[in-house]
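> For reference, the sequence and a predicted model appear below.
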Amino acid sequence: MSDVEKAITRVHQEEWARVVAALTRRFGDLDIAEEAAAEAFAAAVERWPGDGVPPNPGAWLTTTANRRAIDRIRRESKREDKHREARTVYDDDPPEPLGAIDDDRLRLIFTCCHPALATEARLALTLRMVGGLTVAEIARAFLVTEAAVGQRITRAKAKIKAARIPYRVPSAEDLPARVSGVLAVLYLVFNEGYLATGPDSGPLRHDLTAEAIRLTRLIRALLPDDGEVAGLLALMLLTEARRPARVSAGGELVALDEQDRGSWDAALIAEGHRLVRERLAAAAAGVAPGRYQILAAINAVHTSARDIRDTDWSQVLALYDQLVRLDPSPIVALNRAVAVAELDGPEVALAAVDRLEPRLAGYHPYHATRADLLRRLGRSQESRAAYTRAIELAGNTAETAYLTRRRDQLG
């Protein structure tokens, strides 16, 4: 990949959501926004290799996308109202704020997460429009086909148009009905940044993790008493704190037990722990914690240990037992098995992991976890096969390098 191609990929990751949000704000139409943004990026691919990357790539893309949107609107003879809106592109006065928080991306998220849309459609659409994830990346996140994701996105945009869902942050009384979907989207966006699956992206995407944290902070300002909002923010902070230690200088993923804990961000850990303590106090007062609060508490246990040997695995397991009752998904069961291995041994954990195979056969962490347990049991040939399968399914370059090294160490 040339330097210009790398620059285009980086700019796409950083600017996609901003351009889509800006166009949605001006034209009020997700179809127009996405298609115009896509045409602008296609123009960049065509022109930048010869002309060079412009000094302000984001402004170039926004201007180009605006022109493409106007051209489309003019071609549609039945869109006179939209035509008048298009002319506002040339107005010098800034647009009026459209909600309690003047943030384009947050408005776009709430538009995509309207309760009139099916949950799966909300998630797929928002990850595409706001997170800038490709259809392939979204499909990997949901463990479904790309065709299924494409259909969900198409249906969601059609529903928004038919129902005339407004582009705004909803009023205070409407927030509770939408916030759970918004949090789910931000969690998935953060996860893609935490361990990127795209073949052309780096192993970590700080642009996504930072944006997910920023937007979650805005939602916390809207809903300061919502425990799950605080829990998700704590989870993100405690996870992001470990980012400096997660990839080696050679580009290989560094497992938790091998990380230099002295390089973790102490300020983020302190803030995350404070939020967890607040939620624990609420739980003691009879307010049951939700999924994100429990996940944050698990991460608080890990980030409290000065060394992997100091980890309170019994507390981790107790928290996973609590989480399983709320979210009995196979992925939660897989993560729980890791704690079981530390307390009851790899053989007991392997039996629990093997029971998950029918539902997680295409999920690379399943095979990576199984490979590690088989390695600890001395079953090297089976471990190699499991590592190989995990490598085939993994899309993250740093993770692939780590799994390959672990496999090759088996001899």
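Cool, the structure landed.
> tell me the domain ranges of the protein?
Taking automatic domain parsing as the criterion, the chain consists of the domains 3-222, 225-311, 340-408.
> JSON lines for those, including mean neighbour count and distance to residue 326?
Just so you know, the C-beta spots here come from the backbone N, C-alpha and C atoms, and that holds for glycine as well. Converted to JSON lines, the domains of the chain look like this (neighbours: other CB atoms under 10 Å; distance: least, CB to CB, whole Å):
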{"stretch": "domain 3-222", "mean neighbour count": "18", "distance to residue 326": "13"}
{"stretch": "domain 225-311", "mean neighbour count": "17", "distance to residue 326": "5"}
{"stretch": "domain 340-408", "mean neighbour count": "18", "distance to residue 326": "18"}
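> Turn these into TSV, including mean pLDDT and distance to residue 329.
Below are these laid out as TSV (pLDDT from 0 to 100; distance: least, CB to CB, whole Å):
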stretch	mean pLDDT	distance to residue 329
domain 3-222	78	11
domain 225-311	94	10
domain 340-408	95	9
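> now the ones you listed as CSV including distance to residue 328?
Output for the domains of the chain, formatted as CSV (distance: least, CB to CB, whole Å):
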stretch, distance to residue 328
domain 3-222, 16
domain 225-311, 11
domain 340-408, 11
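> which one of those domains lies closest to residue 331?
Residue 331 lies closest to domain 340-408 among these, at 7.3 Å (CB to CB).
> From the chain's centroid, how far away is that closest one?
Distance of domain 340-408 from the chain centroid (CA atoms, centre = their mean, to the nearest Å) equals 23 Å.
> So what would you say the end-to-end distance of it is?
Chord length of domain 340-408, first to last residue, is 26 Å (CA to CA, to the nearest Å).
> re the thing from before, with respect to residue 317, which of the domains of the chain lies nearest?
Among the domains of the chain, domain 340-408 comes nearest to residue 317, with 6.0 Å by CB to CB.
> Find the centremost residue of the protein, please.
Taking CA atoms, centre = their mean, the centroid of the chain lies closest to residue 189, which sits 1.7 Å from it.
> host element of it?
Assessed by DSSP states H and E, residue 189 sits inside helix 175-194.
> I'd like to know which elements that helix is packed against.
helix 104-112, helix 119-129, helix 135-142, helix 206-222, helix 227-240 (3 or more CB pairs under 8 Å, 6 or more residues apart in numbering; DSSP states H and E).
> So which residues of the stretch 251-400 of the chain form helices?
With helices called from DSSP state H, counting those that start in this stretch, the stretch 251-400 of the chain shows them at 266-284, 291-304, 313-326, 330-344, 346-354, 357-360, 364-376, 380-393, 397-408.
> Which one, of those helices, ends up nearest to residue 70?
helix 397-408 (39.7 Å).
> quick revisit: and the helix holding residue 189, how far from the chain's centre?
8 Å.
> and what of stretch 224-237?
Centroid separation for stretch 224-237 versus its chain: 15 Å, with CA atoms, centre = their mean.
> what's the answer for stretch 110-128, then?
On CA atoms, centre = their mean, the centre of stretch 110-128 falls 14 Å from that of its chain.
> can you tell me how far the closest residue to the residue nearest to the centre of the chain other than its chain neighbours sits from residue 289?
Leaving aside its chain neighbours, residue 189 sits nearest to residue 131 (4.2 Å; criterion: CB to CB, 6 or more residues apart in numbering). Distance, residue 131 to residue 289, by CB to CB, to the nearest Å: 26 Å.
> I'd like to know how many residues surround residue 223.
A count of nearby residues for residue 223, using other CB atoms under 10 Å, gives 15.
> Now do the same contact list for it.
Counting by CB atoms under 8 Å, 6 or more residues apart in numbering, residue 223 touches 175-176, 179, 229.
> give me phi/psi at residue 170?
Main-chain dihedrals, residue 170, degrees, to the nearest 10: phi -70, psi 170.
> So it is in contact with residue 111, correct?
No: applying CB atoms under 8 Å, one finds residue 170 not in contact with residue 111, separated by 9.4 Å.
> can you list the contacts of residue 223 in a markdown table and add distance to residue 325?
Below are these laid out as a markdown table (distance: CB to CB, whole Å):
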| residue | distance to residue 325 |
| --- | --- |
| 175 | 27 |
| 176 | 23 |
| 179 | 22 |
| 229 | 21 |
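> Phi, psi for residue 69 please.
Torsion angles, degrees, to the nearest 10, at residue 69: phi -60, psi -40.
> my guess is it meets residue 30, correct?
No: counting by CB under 8 Å, residue 69 sits too far from residue 30 to count as a contact (11.7 Å).
> Give me the distance between the residue nearest to residue 205 when sequence neighbours are not counted and residue 131.
Using CB to CB, 6+ apart and skipping residues adjacent in sequence, the residue nearest residue 205 is residue 193, 4.0 Å away. For residue 193, the distance to residue 131 (CB to CB) stands at 9 Å.
> got any residues that touch both of the two?
Between them, residue 193 and residue 131 share these contacting residues under CB under 8 Å, 6+ apart: residue 208.
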